[in-house]
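Asker: quick one: sequence plus predicted model below, questions after.
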Amino acid sequence: MADQFSAGGRTVVIVGQGGVQTDIDLDTLGDEEIANVIPELLADYAAEVRDWTLLAGEHWRQGRMERVQDLLLRGIQFFGGGPGRQSDPTALVNLHSMLAHVHLALARTAPQVSLPHAKYDKIASTIRTKEWHYTEATVNLNGADAAFRASGAGPEEEPVALAMGKIILYLARGQPNVAHPLVDRLLLRQPNNIIALTAQARLQFARRAHEAAFATYQKLLSLNHEMSPDPRIGLGLCAWVLGDKEKARAAWERALQRDPQSWTSLLLLGLGSLNTAREPSVRQEERIRLEAEGVAYVQRAFKLNNKSAAAALALATVSGQGGQLPLASKLAERAIQYADNKRHSILANSERGRLGFVAGDIADAGPFIAAAKKEEAAGVNILAELTLGQIAIKNGNLREALNFIEQTAKRLNGKGPLEYTVLHACLLAYPHPGMKDDELAKNRLTARNMLTEVHNLVANASTEEDWARLRGVGQDADVFLDLAKLWQDESLDKAIGAYQTAVTCSSDDAEDGATVNTRSVRISSNLGALFQLQGNVETAERMYQEALQKLAQDTGNESEVLKTVLAYNLARAYEEEGDVVKATQWYRDVLRQHPEHMESKVRLAMLATSAGRNFDAHTLLKECLKSDESNVTLRSVYSNFLISIGSYKEALAFTTQTLKFDRNDPGTFCALGWLHFTLGREAKASAEVAERPKQYARSAEAYERALILDPTCATAAQGLAIALVEDTLSAGPHGALAPVDEAKHRIRLAGQALSVFSRISDSLSGGAVNVNMGHCYFARGEEEKAIQAYEAALDSFQGRNVSVLLYLARAWYAYANRESNFSAMSKALSYCQKAMHIQPSDRAILYNIAMIQQKAAEMLLALDPAKRTLEELNRALDQAQQAANTFRVLADDRSGALPYDVDLADQRARYGDGLLRKAPEQIARQEEYEGQAAARVEEARKLRAAELHATLSLRLKLLSLLRDVDKLQRRLRPSNSPTPNAELKKRPRGQLKVRSGGERRRKGTLKVMRKVKKEGRNLEGNEKLQVVGRRVGKYGVRVKCQVRRVRQRDLKWMMRRV
Amino acid sequence: MSLSYLQQESTPLHPDAIWALTWTRLNHLISGCADGHLRIWDSAALSQPIHDIPSHPLAITSLSTSEDGTRALAASLDGTIACVDVQEGRVIGKCETGREKVAGENEIPAYAVGLHPNNKCWAWSGRSSKLAVRQMNEEVEANGHGVGQGPLSGETSVIDTGKSKFGMDLKFSPDGQQLALASESGQIIVVDTTTQSIISTYTSHAMAVRTLSWSPDSQWLFSGSDDHRIVLHDVRAGSKTGSGGKGEGAVAIMQGHQSWVLKVAASPDGKLLGSGGADHLIKLWEVGQRACVSTSTSTAEVWGLDWQPAGANTFAVGKQFAAAGDDRAVILYRAAGSA
């Protein structure tokens, strides 16, 4: 064909039957008239198939695809045979193959689908979809195949065009497995067929045999380094997938250089930049640069080929982020319609759905999301799921949203991205109406764990990379507020942590705005409140003050509200800290602004009560009640007030009334329980005493009710435990029990109650539980434990609770009696005196003091003399005397109603006198005993002293002896030795022999020893001369000595041995 | 303004809590202990007491000394009152107020006791808030007789202060003209010692008033109460109306203690007020400014606090005080910078 072009210029000569020639100028082919007649002409001339394809090729080159198809169809018709003509299989093969290729080419730019619901990118209904073209191509290829078989040629003669057509079709239809053997077969025949090799590279790439693909592309390049499409693009792709991004970019850039119109290179470069920009490790400025660069590339690529789904999708994402929703939606729709693979289609669908949702058109988004999900039935499309969830949220179907998200979460198996986790957690945390309580609680727990993990990530994020990894999640204050709320009831620490993060987030937001961010102030105020709850009052104060300062200049409605709240909170903080003055000031301040601010008034009333100004408190509370009678909190404060001033009956009436306003407040029932119990217990008048069991029963009922309302109500549990241990509910049958059984029964009850008390002691602050535990232990006869419990209670009352002091005295008293322990009795006396010192007006305490004193004496008098001392006895007898006096005073008191029994006091006084009469005898006994004991002690002492003396004198003798030896050694030490240590090392043993003249043995020894002594004077302090040998010979005594270093320990040891 | 007073010497630990403490002009410190002993210390040598007097059967709750520092009067929980010669360390008189009918009426077991600065009479109160005032029996004291006829057996008069209350503290004014009584229900009653009539009644507290203190010029009366407050009363304001307007004399309220105020003591120069509380705090207040100028922390409740009197001139006035309480030791505090 090329020859013909060069020979005849742009003219084709068609030789018809009978030698008729017609010249066709290829340049005129575009003319309507000429083009119309060409097929007729070719048919008439019965032109060779070569001419058909040539002309069709020309049309194709000029982009006149209609004509190509038309011409080829006519050709097929012509060569298919007709009346009087044989069909020509070879020609048919060519023509069919060509037509198939035409359709395959058309399919490349044809839309995948034409969306009926497309909103922005509408495709004319005349445009055929890919699938249609593929079908056509298949039909033609089948035709070609049939013709080929008809021609009778062997399979290895199959034209390359036909084989390639099949390969391309299978590849395009996404059936690489079918394409693969075809390619292999083709390559077997033509190992260097460039097209086949390209196909093979693609197949290898698709099979993820990236390295093999890389090699194939390289081979292609070596075969024809000018070929198009440029194998460098393929090389770049392989390099990118293999991780060498630099190389990939270089390859694409090179390809772009060679062909500036290569939209594929542009697109790949752009996508490469955009992907790199998403890496968390990329710095902020670098990221912006990369993004801009990427977008520019992709845009250029899109301009060159506006049917590229990948480019459209990338641009849709970018412009969607930029807020150009219609444009982005159009691009996304374009991407969906022209998607050439499934992945693109899914992504484009979900992106389009998301865009629709963001644009606010939920109905619009639905079909796209559904499509995305449908296409990816096996995997999880997080974007689509998130959008679905959000659509449900937007529609108000939170339960539905949670269902979506949860189902997906199950499939994700906990590996979703942060955004997903956060949404899931927030939905879990939401108190869905109608959900079961236990399910809600479980969900809250799960949500809390999830958010805590996110929070940990945020809290530990320090580098920019960490923050980039967190994406926007770290800046969302609401997430942490949710988390804080979830923790609030259980762990203040954790709630505070979350709140602090939220404060950081919101203050980051606030920095750029000049106006006061009331939201961030509110968050800091809440954080302050948490600190206060935690007991960190000073920090709370600081937070409130700072928040107030921030608001100082602002006069908006919301800030006014906030100011009030902050002022009140600040006052509460001061109150908690004990700074009543400042607290009062702030409460008054609030009330000046808002005279009806009930909480402040209530707090002022509480302060007044605690200062004993009951009248003021009463006035304030009455005012509050007048303005809001139905406020249960207020009513409970008033009940409390009435109880604190001892108006139990009024309190009962009032609290009963409270039930009219709210029958579900456990606090009210607890108060009722307490009141009924107290009224029953304190009943004095006989009518009231008769009512007692009824009161107890009502008390238990109320506590039970409170427990039903709030199963964790420790106060109610305590009330019931008290009822249990007091055995107030089952008065009937136990009355008949024998006293022993009765006692056992009581002990058992106390044990049961104890288990209740010890369980609630953690959740109830204050000493009440400890007091109750003390009572139980006491009832069980475990005084030591009772004392411990009471002491703990006393600590929490800061030592100023008269009753607890008296309980302690009683416990010590019982303990002292049981153990006959005088010092324990003194403890009891001490506690009793403390109680009386604090509350001197209570004469009953004085009675107790006298009782303790008398009992102490009684106890000591009964003791064996060996177990007491005279001093103790005297002191106890003094006390007994005082006790008798006191009892006399108490018995003679005629000043009015007394808190003790006068007759008993009288008996005690007389008993005391009797006790004292025993005193002299006991003292005499004790004196005698102690006299004897003293004598025995004295004797023993003397004996010991004598022994000691003996030992001592011996020691002294020894010491002097040793001192002598010491001196001797010092003399014996060689005078020129530098240090004793070094000397000894050099000379292992200094030996020395001394001998005396021929005297008698003993005398001789002494003499020698004297000599030895003399020598020993030269020695150092820690050296000594040791006698190692002594021989008594004919001429006298010979002594052998050695200089030895002596450690202090040895010296002592020697002393003992000597 | 703030002052700094530093802890200095202290006595050894007492066997029990110290609930009463005074500092006399003779530079004696007297501590009344819960074991019923009075201990007299030389303020310059605290290592051991000069005298250790087992004067009472029960805990000593109230202690008062004459201006010259020779006599001390102390009461214990059971109402026994003992008079002590401070220099000799000897009990010179005892009186069991719980067993004596006073002026033909019921007994008044003493809780609080007060000694006239000139030693001419003494007063006590306790149950029923009746105030008993008894002349000192000087002649008998000179003879040195025992109980029943001792210096405490003089002629008695009873002042009924009104409603049934309990007397918690009792103080003669330094000029001896007036006697103040604090009650458990919060009232403070000031009585003229010569006419024995009530000058004024203050209801500035609603809870028990455990401690009173006069300014050295006898013009101001300080009270400390369970409501955590210290109130300064101007007694002259009360005197003007004769019978005394209720609460009119309350000049200033000093708040700062976080629990009961157990002891107040005005400094001899009248500039400072020392206070001790159940919150374990010792506070000093500048009377002119009515503001707290110093806070020290003790280890337990502070029941006793007294300044070194002006006459005992070891240090400049108002530079040294002693404090004691449930921590069982008397501790001296001295202004930073004074030698």
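Answerer: Okay, I see it.
Asker: now do residue 65, the pLDDT please.
Answerer: Because you didn't say which chain, this covers chain A. Predicted confidence (pLDDT) for residue A:65: 75.
Asker: nope, chain B please
Answerer: According to the model, residue B:65 carries a pLDDT of 91.
Asker: next, count neighbours for it.
Answerer: 25 (other C-beta atoms under 10 Å in any protein chain shown). Heads up, the C-betas are built off the backbone N, CA and C, glycines and all.
Asker: Provide a list of residues in contact with it.
Answerer: The contact partners of residue B:65, by C-beta atoms under 8 Å, 6 or more residues apart in numbering or on different chains, come to B:22, B:24, B:30, B:71, B:72, B:73, B:86, B:115.
Asker: mind running it again at 6 Å?
Answerer: For residue B:65, the contacting residues are B:22, B:24, B:72, by C-beta atoms under 6 Å, 6 or more residues apart in numbering or on different chains.
Asker: tell me the spacing between residue A:364 and residue A:688.
Answerer: 77 Å (C-beta to C-beta, to the nearest Å).
Asker: of these two, which one has the most company?
Answerer: Between residue A:364 and residue A:688, residue A:364 has the larger neighbour count (other C-beta under 10 Å), namely 17 against 13.
Asker: what's the neighbour count on residue B:188?
Answerer: By other C-beta under 10 Å, 26 other residues sit near residue B:188.
Asker: next: residue A:564.
Answerer: Using other C-beta under 10 Å: residue A:564 sits among 17 other residues.
Asker: give me the buried positions along stretch A:225-245.
Answerer: Neighbour-count burial for stretch A:225-245 flags A:230, A:231, A:232, A:233, A:234, A:235, A:236, A:237, A:238, A:239, A:240, A:241 (criterion: 16 or more other C-beta atoms under 10 Å in any protein chain shown).
Asker: from those residues, which is closest to residue B:254?
Answerer: residue A:240 (81.3 Å; C-beta to C-beta).
Asker: tell me the contacts of residue 110?
Answerer: Defaulting to chain A. Applying C-beta under 6 Å, 6+ apart, the residues near residue A:110 are A:128, A:129, A:130, A:133.
Asker: meant chain B, my bad for not saying
Answerer: B:75, B:79, B:81, B:97, B:124, B:126.
Asker: ok, now how distant is it from residue B:62?
Answerer: 7 Å.
Asker: now the common contact residues for the two.
Answerer: Common neighbours of residue B:110 and residue B:62 (C-beta under 6 Å, 6+ apart) are residue B:75.
Asker: if we can go back for a sec, among the buried residues of stretch A:225-245, which are in helices?
Answerer: When DSSP state H is applied, the buried residues of stretch A:225-245 are split such that A:231, A:232, A:233, A:234, A:235, A:236, A:237, A:238, A:239, A:240, A:241 fall in helices.
Asker: now the most centrally placed residue in chain A: closest residue in space, sequence neighbours ignored.
Answerer: Nearest to the geometric centre of chain A sits residue A:452, at 3.1 Å (C-alpha atoms, centre = their mean). In this structure, residue A:452 finds its nearest non-sequential neighbour in residue A:483, 6.7 Å apart by C-beta to C-beta, 6 or more residues apart in numbering or on different chains.
Asker: quick one: pLDDT of the one you found?
Answerer: Listed pLDDT for residue A:483 reads 72.
Asker: so what secondary structure elements neighbour the host helix or strand of it?
Answerer: Here residue A:483, judged by DSSP states H and E, is contained in helix A:477-488. Counting contacts by 3 or more C-beta pairs under 6 Å, 6 or more residues apart in numbering or on different chains; DSSP states H and E, helix A:477-488 packs against helix A:418-429, helix A:437-460, helix A:492-511.
Asker: returning to that earlier point: who's in contact with the residue nearest to residue A:452?
Answerer: Taking C-beta under 6 Å, 6+ apart, one finds A:451, A:455, A:498 in contact with residue A:483.
Asker: which among these gets closest to chain B?
Answerer: Nearest to chain B out of those is residue A:498 (C-beta to the nearest C-beta; 32.7 Å).
Asker: which residues sit in contact with the closest one?
Answerer: A:455, A:480, A:483, A:484.
Asker: and residue A:772, what does it touch?
Answerer: residue A:757.
Asker: change it to 8 Å
Answerer: A:718, A:721, A:722, A:725, A:753, A:757 are the contacts of residue A:772 under C-beta under 8 Å, 6+ apart.
Asker: give me the buried positions along the host helix or strand of it.
Answerer: Element membership of residue A:772, judged by DSSP H and E, is helix A:768-779. The neighbour-count check on helix A:768-779 (16+ other C-beta under 10 Å) flags A:768, A:769, A:770, A:771, A:772, A:773, A:774, A:775, A:776, A:777, A:778, A:779 as buried.
Asker: which one of the residues you listed is nearest residue B:253?
Answerer: Closest approach between the buried residues of helix A:768-779 and residue B:253, by C-beta to C-beta: residue A:768, at 32.2 Å.
Asker: setting aside sequence neighbours, what's the nearest residue to the closest one?
Answerer: Per C-beta to C-beta, 6+ apart, closest to residue A:768 is residue A:718, 7.1 Å.
Asker: ditto for residue A:399
Answerer: Using C-beta to C-beta, 6+ apart, the closest residue to residue A:399 is residue A:432 (5.4 Å).
Asker: isn't the one you found right next to residue A:396, touching?
Answerer: No. Assessed by C-beta atoms under 8 Å, residue A:432 is found out of contact with residue A:396, at 11.7 Å.
Asker: okay, the two: which has more neighbours?
Answerer: residue A:432 (16 against 9).
Asker: my read is that one is in a strand, agree?
Answerer: No. With DSSP: H, G, I helix; E, B strand; the rest coil as the criterion, residue A:432 is located in coil rather than a strand.
Asker: so what's the closest residue to chain B within the stretch 401-550 of chain A scoring on pLDDT?
Answerer: Residue of the stretch 401-550 of chain A nearest chain B, by C-beta to the nearest C-beta: residue A:537 (12.5 Å). Residue A:537 is assigned 77 on the pLDDT scale.
Asker: return the residues in contact with it.
Answerer: Contacts of residue A:537 (C-beta under 8 Å, 6+ apart): A:531, A:573, A:576, A:577.
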